[in-house]
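In: Generate a structure from the sequence data that follows.
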Amino acid sequence: MGDGLGGGSELIGVAVSDLGPYAVQIADCFDETAFLQPLAYVCQKDEFSDNIPPSLRTLPPVAVEELALLEGLDIILCGSMQAQSAVEAMKLQGTLVVGPEALPVFLFLAARLRHEINELFQAKLMLGAIINATQDAISVVDEHGRGLLVNPAYTRLTGLTQKDILGKPATVDIAEGDSTHLKVLETREPVRGARLKVGPQKKDVIVDVAPILVHGRLRGSVGVIHDVSQIKRLTEELAQAKQRIRHLEAKYTFEDIIGDSPELKAAIEQARRAADLPATVLLRGESGTGKELFAHAIHNASRWRNGQFIRVNCTAIAESLLESELFGYEEGAFTGARRHGKKGYFEEADGGTVFLDEIGEISPALQAKLLRVLQEKEIVRVGATKAVPVNVRIIAATNANLEQAVQEGRFREDLYYRLNVVPVFIPPLRYRKDDVPPLVSFLLRKFNQQFGRAVENVTPQVLSALVAYDWPGNVRELENIIGRAMINMKYNETVMQLHHLPPLGNFGMGTNGAHSIPAAQWAPGKTLAQLTAIVEQRALEQALIHAKGNKTVAAKLLGVSPRTLYYKIEKYGVSPN
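Out: Okay, the predicted model is just below:
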């Protein structure tokens with residue numbers, strides 16, 4: 001082949017001889033085609049013919065006998081049978097001789113190739129411009145681990161230029177750590193978040209590398225390098241912003257609550273009615289049922305939605321600090337107190353909402369101060385004597401049995417009645433199995449975005465297992481299971497199988513009889529909702545048989561309320577006998 005062209009492509013070396021009527025077309029072809037390199041004119045006589053175009057007259061003349069010495073020669077174009085015979089008589093190895101009969105075909109193919117190569121060249125220019133314009137440092141190696149491409153951002157980050165990298169081993173830029181490029185080429189799996197030190201300055205970086213697959217063939221790998229110092233700076237700025245703002249934006253509305261079961265709809269309707277009332281709302285429900293989600297939705301549907309929404313987990317803050325965080329403090333109130341004091345959450349949320357999670361765990365002393373907020377609409381800072389009026393909507397939540405806590409003297413009875421003005425009971429997931437399929441669909445979309453996956457669905461067997469399980473950890477446990485299952489999947493898998501699921505508590509262990517329910521088999525035309533209905537109907541039938549028709553006993557066996565059992569019996573037309 002001829003001399004290399006920038007970017008690693010090569011030219012086709014061409015000699016011409018006695019072109020005759022094709023001379024002009026050949027000359028035009030050379031002018032318009034970038035991949036053909038004219039090398040010489042093979043003289044059959046002592047001089048050029050009169051019909052040779054000027055561009056071909058500039059070619060160095062050579063005799064037929066000298067063709068074997070011509071470097072980079074790939075093709076000889078002959079415009080006459082005499083020229084073709086003379087060249088073929090030389091029996092040149094590795095050189096294609098094109099005679100006058102084949103010249104029209106050659107010109108046609110050259111024109112077609114010219115069009116295709118021009119398009120590829122434009123695409124290459126565009127891709128190069130995109131890669132060079134991006135602010136992310138990019139490094140590409142071929143399937144053998146040799147440097148193929150780096151962009152200006154890479155040079156700025158590492159201090160290494162194209163000359164230092166291109167054609168060199170993938171380890172050439174690494175100061176400390178193992179090459180992620182080589183690991184990806186070996187495993188054909190992406191690597192994320194690898195910590196390395198690169199370049200002469202041993203720059204601390206985080207690297208994400210993915211394989212380059214073309215029609216299933218590994219052609220190399222591409223890496224994106226992130227500057228750790230920049231990430232740290234952004235993290236510090238974010239932490240400072242959070243420290244200044246100290247509030248949580250209410251992100252969710254009632255439309256974000258997933259599920260269509262009667263039990264969940266009843267809870268949502270109750271919460272909607274309470275949203276705009278100037279009364280305290282108490283969210284009751286087991287851990288993982290979505291109490292915070294309801295709190296967000298209530299705030300966004302209320303007259304306080306333009307104010308701040310501040311979430312306080314009463315168990316996450318040390319008892320000694322919780323009072324000063326909630327009510328604020330005056331200067332000199334305690335050792336380490338700020339000059340000029342500090343506002344508490346109630347003052348910061350003035351005109352908005354304070355969400356007190358795990359309200360059942362606060363101390364009796366703090367319960368008394370909270371009662372004052374509810375009764376008098378005012379707070380007293382730690383170390384102060386003057387009350388500060390506040391206009392705050394309070395939403396509280398607990399998974400504790402407050403009634404029992406009141407009887408045992410652990411929770412103030414007067415505070416209980418102030419909090420329990422509008423109770424909203426959020427049903428556990430085991431009471432609303434109809435909501436499992438839509439929740440699974442939602443979680444697949446969520447984790448696809450979070451993990452960079454493309455999981456489209458779950459098999460009917462997976463759905464049957466998830467519906468049959470009792471979910472003691474509720475939606476939070478379901479979220480954990482789906483996330484772990486997706487991590488267990490290979491990167492190119494798009495359908496979640498039963499073997500991807502981690503163990504589901506006691507599912508299949510014989511403790512609740514769920515293992516004896518045959519899995520619904522999918523067939524064309526069946527939807528997930530239909531498969532769920534089949535599983536539920538079979539479970540109802542078996543539970544009623546086991547309970548000898550006693551609906552109360554059957555409801556306990558299935559872990560649902562009698563009301564839910566009656567609803568399901570009527571829905572599926574199951575005979576209780």
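In: Convert the C-alpha atoms of stretch 280-287 to CSV, please.
Out: Output of stretch 280-287 as CSV, limited to C-alpha atoms (Å, rounded to 0.1, in the frame of the first residue of the first chain):
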residue,chain,number,x,y,z
THR,A,280,-51.7,17.8,62.5
VAL,A,281,-51.5,14.7,60.4
LEU,A,282,-50.3,11.5,62.0
LEU,A,283,-49.0,8.9,59.5
ARG,A,284,-49.3,5.3,60.9
GLY,A,285,-47.7,2.3,59.2
GLU,A,286,-45.1,-0.3,59.4
SER,A,287,-41.5,0.5,58.5
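In: Buried ones in it, by neighbour count?
Out: Under the neighbour-count criterion of 16 or more other CB atoms under 10 Å, stretch 280-287 has Thr280, Val281, Leu282, Leu283, Arg284, Gly285, Glu286 buried. Placement of C-beta: from N, CA and C, glycine included.
In: State the pair within the residues you listed that is farthest apart.
Out: Thr280 and Glu286 (20.9 Å; CB to CB).
In: tell me which residues of stretch 204-222 are tucked away?
Out: Within stretch 204-222, the residues that count as buried by 16+ other CB under 10 Å are Asp204, Val205, Val207, Asp208, Val209, Ala210, Pro211, Ile212, Gly220, Ser221, Val222.
In: After the helix or strand of the chain at the bottom of the mean pLDDT ranking, which helix or strand is next?
Out: Least confident element among the helices and strands of the chain, by mean pLDDT, DSSP states H and E: helix 228-245 (a mean of 66). Per DSSP states H and E, helix 228-245 leads on to helix 262-275 as the next helix or strand towards the C-terminus.
In: What count of nearby residues applies to Arg273?
Out: Neighbours of Arg273 under the rule other CB atoms under 10 Å: 12.
In: could you dump the buried residues of stretch 280-287 to TSV with pLDDT?
Out: Listed next are the buried residues of stretch 280-287 as TSV, based on pLDDT from 0 to 100:
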residue	pLDDT
Thr280	93
Val281	94
Leu282	95
Leu283	95
Arg284	94
Gly285	92
Glu286	91
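In: Out of those, which sit inside helices?
Out: With DSSP state H as the criterion, helices contain none of the buried residues of stretch 280-287.
In: Which positions in the longest helix along the chain come out as buried?
Out: Longest helix in the chain, counting residues (DSSP H): helix 103-133. Across helix 103-133, burial judged by 16+ other CB under 10 Å covers Leu103, Phe106, Leu107, Ala110, Arg114, Ile131.
In: Closest one to Gln122 out of these, please.
Out: Once CB to CB is applied, the member of the buried residues of helix 103-133 that ends up nearest Gln122 is Arg114, at 12.7 Å.
In: So that closest one sits against Phe30, correct?
Out: No: the pair Arg114 and Phe30 does not pass the contact test of CB atoms under 8 Å, sitting 11.0 Å apart.
In: Name the spans of the stretch 301-450 of the chain whose pLDDT lies under the cut-off.
Out: Within the stretch 301-450 of the chain, the stretches with pLDDT under 70 are 332-339.
In: Report all helices and strands that the helix or strand hosting Arg311 contacts.
Out: Secondary structure from DSSP H and E places Arg311 in strand 309-313. In terms of contacts (3 or more CB pairs under 8 Å, 6 or more residues apart in numbering; DSSP states H and E), strand 309-313 is packed against helix 291-300, helix 345-348, strand 353-357.
In: Adding distance to Gly259 and mean neighbour count, write these out as TSV.
Out: Shown next, in TSV, are the helices and strands packed on strand 309-313 (distance: least, CB to CB, whole Å; neighbours: other CB atoms under 10 Å):
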stretch	distance to Gly259	mean neighbour count
helix 291-300	11	24
helix 345-348	31	21
strand 353-357	21	24
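In: can I get these in JSON lines with distance to His181?
Out: Below are those laid out as JSON lines (distance: least, CB to CB, whole Å):
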{"stretch": "helix 291-300", "distance to His181": "43"}
{"stretch": "helix 345-348", "distance to His181": "49"}
{"stretch": "strand 353-357", "distance to His181": "46"}
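In: Nearest to Val198 among those would be which one?
Out: Val198 lies closest to helix 291-300 among the helices and strands packed on strand 309-313, at 41.8 Å (CB to CB).
In: which other residues reach the helix or strand hosting Leu326?
Out: Using DSSP H and E, the element containing Leu326 is helix 319-327. Contacts of helix 319-327 with the rest of the structure, by CB atoms under 8 Å, 6 or more residues apart in numbering, involve 312, 314, 317, 333-334, 342, 344-346, 362-363, 365-366, 369-370, 379-382.
In: taking these one by one, which sit in strands?
Out: Among the contacts of helix 319-327, DSSP state E puts Val312, Ile379, Val380 in strands.
In: Show me which of those is closest to Arg233.
Out: The closest of those, once distances to Arg233 are taken by CB to CB, is Val312, at 29.5 Å.
In: distance between the ends of stretch 372-391?
Out: Start and end residues of stretch 372-391 are separated by 13 Å (CA to CA, to the nearest Å).
In: cool, stretch 273-290 as well?
Out: Stretch 273-290 end-to-end distance (CA to CA) = 18 Å.
In: Among the contacts of helix 319-327, the buried ones, what's the PyMOL command?
Out: A single PyMOL command selects the buried members of the contacts of helix 319-327 (16+ other CB under 10 Å):
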select buried, resi 312+314+333+342+344+345+346+362+366+369+370+379+380+381+382
